[in-house]
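Undergrad: Predicted model follows, preceded by the sequence.
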Amino acid sequence: MAEENLQEIYVALLNEGVNVWRPVQAIVVGDEVYQIVSENEAPGDEQWEFSTGDLVRCVRKSFSGGSTGSVAVQRIVETI
């Protein structure tokens, strides 16, 4: 895997009571499509909306504090 194809995206944490986003590493697959390569190191403490290996569609989001990032919003199901 080439380092230049890796990018940081954000995955929502479930069951947190407020919106919480985990930065994860993902491979760029296409226009706003990524494959998550980071692993959840604390699955007992954090439930990610999307998992390692998932292909996801992202959209740009503005976070509190003024930063922006690509947020995973949809799992892409590959068909054979």
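TA: Arrived safely, thanks for sending.

Undergrad: Contacts only, for Arg22.
TA: Arg22 makes contacts with 10-13, 46, 48, as judged by C-beta atoms under 8 Å, 6 or more residues apart in numbering. For glycine as for every other residue, the C-beta is placed from the backbone atoms N, C-alpha and C.

Undergrad: Using neighbour counts, trim those residues to the buried set.
TA: 10-13, 48 (16 or more other C-beta atoms under 10 Å).

Undergrad: what pairs with Val71 across the strands?
TA: Beta bridges link Val71 to Tyr10, Val59, judged by DSSP bridges.

Undergrad: my read: it touches Val59, true?
TA: Yes - with contacts counted by C-beta atoms under 8 Å, Val71 reaches Val59, the gap being 6.0 Å.

Undergrad: out of these two, which sits in the busier spot?
TA: Comparing Val71 with Val59 by other C-beta atoms under 10 Å, the one with more neighbours is Val71, at 19 against 10.

Undergrad: how far away is that one from Ser38?
TA: The gap separating Val71 from Ser38 is 15 Å, by C-beta to C-beta, to the nearest Å.

Undergrad: So, low pLDDT: which residues of this structure?
TA: Applying pLDDT under 70 to the chain flags residues 1-4, 79-80.

Undergrad: so where do the strands sit in it?
TA: Assigned by DSSP state E, the chain shows strands spanning 6-14, 21-30, 33-36, 47-48, 55-62, 68-75.
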